[in-house]
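# Pasting the sequence and the predicted model now:
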Amino acid sequence: MKNTWLIVPAVVAAITIAASGCDLSHDRAAGAGSAGATAAGGTKVITLAPVDASGLPKVGGVITDGGVAQRCEAGSDAVTQAYRCFQAHSVYDPCWLDNTDAAQASVLCQGAPWDTRVIRFRVAQGGLPPFGGSVPPADLNRPWGVRLADGEQCLAIQGTHNSDHGKIVDYICGDNSKHVLLRTLKRSSPQWTYESAYFSSTSGYTPGPRERVATAWYASPDNGAAFDAKANDCTATALAYAAQAYEASHGEPSGPLPDVNAQACDRGYAEMIFTPSVPPSYTAAYAFKASSAGWRAIGRNGYIPPGSFGMPVNVGTAINNMLTSGPQNEQVPF
C-alpha cells in the first residue's frame, strides 16, 4: 500500500500529552486578562486522526521513525478509542494502528491535534490488542485540544490532574504551560467557554478570564482492527478482533484475558493459538473461516486436528505445520 507521507528516520522525544514536546503556540503572558476576540459563528468542531478509516496514513504530514515500543495498550488517556504506547520511560498517547505494516504491528502517534508530524512505532508484542464492540461516541466535554479566541492552544492533560479550589485542571496552554483551563467546558452558547487560571510556583493558582473557544478538536476513533478482521487479514490483530467478537457474543471470556501466541492461514481458513495472560495456564486454539463479513470463528479446542469444524483435512494439516514450525511468542491480548 502506498504511503504518501514523508518518512524521516530519527530518534525522537516523548509525546506526552501533559508535558512538553508539542507546539502549544501563541503563548500568552500570565495575567494578560483579555479573553480575546469572539470567533464568528461560534466554536468550530474538528474531528481528525493521522489515519483514514482503513488505517492508512493520511496525506500531508511527516512520519518520523521512533523504533520499537515496548507495549501498546488498547485505551487512551487523551481521546476516545486509541492506543497508549510505552517506550523506555516515555508515554505516547494517542496512537492509531498503521495499516501500511502488513503485520499490523505498528502505530502512528500524534502528540497534538495541530501537529503535522507523527511518530511511527513498531510494537514488540507482534500485534495490537483490538477494540471490541461498537465505537463509543466522543465525549464532547473532553476535546483532545482547543484553540482559544486569541489563538492560544491548549492540550488535554493525561494522568493525575491538579485542582484549583476544588476545580479540576483539565488543559495546559501555551509554551510554558502556566495558563490552564478548568473543568467543565460550557457548551450552552454557540461559542463554548472555559474558566481559566494561571499557575505560579510561589503563589499557586490565581483566577484567569473566562476563555472563549474558537476551535475544539476531537480524535477519530481507531477502528483498524475491525477493518482488518473484515478484510480476512492473517494477522494476530485481525484474528484477535474476531475471537473477541465471538467471545462477546457468547458471554465470554469467563477467565483471564488471553494472549495470541501465533496464527496461520491457508485457503480461507485460519487458526490462532492462545494462552491466558495470567494463571491458570493452558494453551488452546481458535479456528476461523473467511467470509464476506470477515473472519468467523467456527470452533475452539485445546488442539484442532485437521478436518475439525468443517475445515478440509489438507488445509488443517498445512495450518498446523505452519504453527508448529514457527515461534509462538506474539503475546497479543484480546
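In hand now; what should we look at?
# And stretch 235-245, how far out from the chain middle?
In terms of CA atoms, centre = their mean, to the nearest Å, the centre of stretch 235-245 is found 16 Å from the chain centre.
# where are the low-confidence patches of the stretch 1-150 of the chain?
1-40 (pLDDT under 70).
# That one: strands as residue ranges?
Secondary structure of the stretch 1-150 of the chain, counting by DSSP state E, counting those that start in this stretch: strands at 6-9, 44-48, 62-69, 71-74, 83-87, 90-97, 106-109, 117-123, 145-148.
# mind exporting the third one as PDB, just the C-alpha atoms?
Extracted as PDB, the C-alpha positions of strand 62-69 are listed here (Å, rounded to 0.1, in the frame of the first residue of the first chain):
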ATOM      1  CA  VAL A  62       5.700  13.900   8.100                       C
ATOM      2  CA  ILE A  63       6.200  10.500   9.700                       C
ATOM      3  CA  THR A  64       9.200  10.000  12.000                       C
ATOM      4  CA  ASP A  65      10.500   6.600  12.800                       C
ATOM      5  CA  GLY A  66      10.500   6.100  16.500                       C
ATOM      6  CA  GLY A  67      11.800   2.500  16.600                       C
ATOM      7  CA  VAL A  68      10.200  -0.100  18.800                       C
ATOM      8  CA  ALA A  69       7.600   0.500  21.600                       C
END
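# Off-centre distance for stretch 237-246?
On CA atoms, centre = their mean, the centre of stretch 237-246 falls 17 Å from the chain's centre.
# Mean confidence (pLDDT) on that stretch, please.
Mean per-residue pLDDT for stretch 237-246: 92.
# cool, and stretch 192-205?
In this model, stretch 192-205 has a mean pLDDT of 94.
# Most tightly packed of the strands of the stretch 1-150 of the chain?
Comparing the strands of the stretch 1-150 of the chain by mean neighbour count (mean count of other CB atoms under 10 Å), strand 106-109 ranks first with a mean of 29. Where you see a C-beta, it was placed from the backbone N, CA and C, and this is true even at glycine.
# how about L323, secondary structure?
Look at L323: counting by DSSP: H, G, I helix; E, B strand; the rest coil, its state is helix.
# hang on, the earlier thing: for R212, find the nearest of the strands of the stretch 1-150 of the chain.
strand 145-148 (6.6 Å; CB to CB).
# Quick one: list the elements packing against the closest one.
strand 153-156, strand 167-173, strand 211-219 (3 or more CB pairs under 8 Å, 6 or more residues apart in numbering; DSSP states H and E).
# Tell me the strands beside that strand, with direction?
Note on strand 145-148: by DSSP bridges, its sheet partners are strand 153-156 (antiparallel), strand 211-219 (antiparallel).
# returning to that earlier point: redo the strands of the stretch 1-150 of the chain as CSV? Include distance to W192.
CSV is the format used below for those (distance: least, CB to CB, whole Å):
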stretch, distance to W192
strand 6-9, 35
strand 44-48, 9
strand 62-69, 31
strand 71-74, 30
strand 83-87, 27
strand 90-97, 22
strand 106-109, 27
strand 117-123, 27
strand 145-148, 8
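# Figure out which of the ones you listed is closest to A284.
strand 71-74 (21.6 Å).
# Which residue, neighbours along the chain excluded, lies closest to T275?
For T275, ignoring the flanking residues on the chain, the nearest one in space by CB to CB, 6 or more residues apart in numbering is T283 at 5.0 Å.
# residues in contact with the one you found?
261, 273-275, 302 (CB atoms under 8 Å, 6 or more residues apart in numbering).
# Please report which of those has the highest neighbour count.
When neighbours are taken as other CB atoms under 10 Å, the top entry among those is F274 (28 neighbours).
# Just the element for it, please.
strand 269-276 (DSSP states H and E).
# what's that strand packed up against?
Under the contact rule (3+ CB pairs under 8 Å, 6+ apart), strand 269-276 is packed against helix 236-249, strand 258-266, strand 284-289, helix 313-325.
# Distance to L182 added to those, as a markdown table?
Converted to a markdown table, the helices and strands packed on strand 269-276 look like this (distance: least, CB to CB, whole Å):
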| stretch | distance to L182 |
| --- | --- |
| helix 236-249 | 38 |
| strand 258-266 | 41 |
| strand 284-289 | 48 |
| helix 313-325 | 54 |
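# do you know which of those lies nearest Q104?
helix 236-249 (4.1 Å).
# tell me which residues in that closest one are buried?
236-247 (16 or more other CB atoms under 10 Å).
# Which positions in stretch 324-334 come out as buried?
Buried, per 16+ other CB under 10 Å, within stretch 324-334: 330-334.
# and of these, the nearest to A78?
Nearest to A78 among the buried residues of stretch 324-334, with distances taken as CB to CB, is P333, at 20.8 Å.
# Next up, the contacts around the closest one.
74, 129, 240, 257-260, 277.
# Please check those and keep the buried ones.
74, 129, 240, 258-260.
# Those into a markdown table, with extra columns for distance to S200?
Output for the buried ones among the contacts of P333, formatted as a markdown table (distance: CB to CB, whole Å):
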| residue | distance to S200 |
| --- | --- |
| A74 | 39 |
| P129 | 42 |
| A240 | 48 |
| P258 | 50 |
| D259 | 48 |
| V260 | 50 |
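# what's the most distant pair in the residues you listed?
A74 and P258 (14.1 Å).
# The residue nearest the centre of the chain: what's it in contact with?
With distances taken as CA atoms, centre = their mean, A82 lies nearest the centre of the chain, 1.9 Å away. A82 sits next to 49, 76, 93-96, 219, 221-222 when contact means CB under 8 Å, 6+ apart.
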